[in-house]
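S.K.: Please find the sequence and the predicted model below.
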Amino acid sequence: MTDRNLYQVIGVFETASVQEIEAAAIKRYNETRNLVNHYSPEIATNATQELNKIEQARTILLDPVKKLEYDQILG
């Protein structure tokens, strides 16, 4: 999956509501997206990878079944 906890990727606690997850994911995505266009190619590449992680976290954490499975993996 990822080397970081998906909740950390988007900056929320594990107890966050769906609305909080969605809002945090959008905010984090927008902040990171700005890096893609305004800095060196290396920073843009890292930002693109981070965008993929944010989207992956959002997809898993907003799907009730996937979130439950992920939470069980975390323990």
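M.R.: Looks like it arrived, so ask away.
S.K.: what's the spacing between stretch 42-62 and its chain's center?
M.R.: The chain centroid and the centroid of stretch 42-62 are separated by 6 Å under Cα atoms, centre = their mean, to the nearest Å.
S.K.: Quick check: buried residues in that stretch?
M.R.: By neighbour count on 16 or more other Cβ atoms under 10 Å, the buried set for stretch 42-62 is 47, 50, 51, 53, 54, 57, 58, 60, 61. No exception for glycine: its C-beta is placed from N, CA and C like everyone else's.
S.K.: So which of those residues belong to helices?
M.R.: Residues of the buried residues of stretch 42-62 located in helices (DSSP state H): 47, 50, 51, 53, 54, 57, 58, 60, 61.
S.K.: hang on, isn't the second one packed against residue 33?
M.R.: The one in question is residue 50. No: taking contacts as Cβ atoms under 8 Å, residue 50 lies outside contact range of residue 33: 9.5 Å.
S.K.: where along this structure do the helices fall?
M.R.: Ranges of helices in the chain, per DSSP H, are 6-10, 18-38, 41-62, 64-74.
S.K.: Please tell me I have it right and residue 4 contacts residue 53.
M.R.: Yes: counting by Cβ under 8 Å, residue 4 touches residue 53, with 7.4 Å between them.
S.K.: Least confident of the ones in helices among the buried residues of stretch 42-62?
M.R.: By pLDDT, residue 47 ranks lowest within those, coming in at 89.
S.K.: quick one on the thing from earlier: return the member of the buried residues of stretch 42-62 nearest to residue 22.
M.R.: residue 58 (7.4 Å; Cβ to Cβ).
S.K.: Who are the contact partners of the nearest residue to that closest one once chain neighbours are set aside?
M.R.: Leaving aside its chain neighbours, residue 58 sits nearest to residue 25 (4.0 Å; criterion: Cβ to Cβ, 6 or more residues apart in numbering). By Cβ atoms under 8 Å, 6 or more residues apart in numbering, residue 25 lies in contact with 10, 54, 57, 58, 61, 62.
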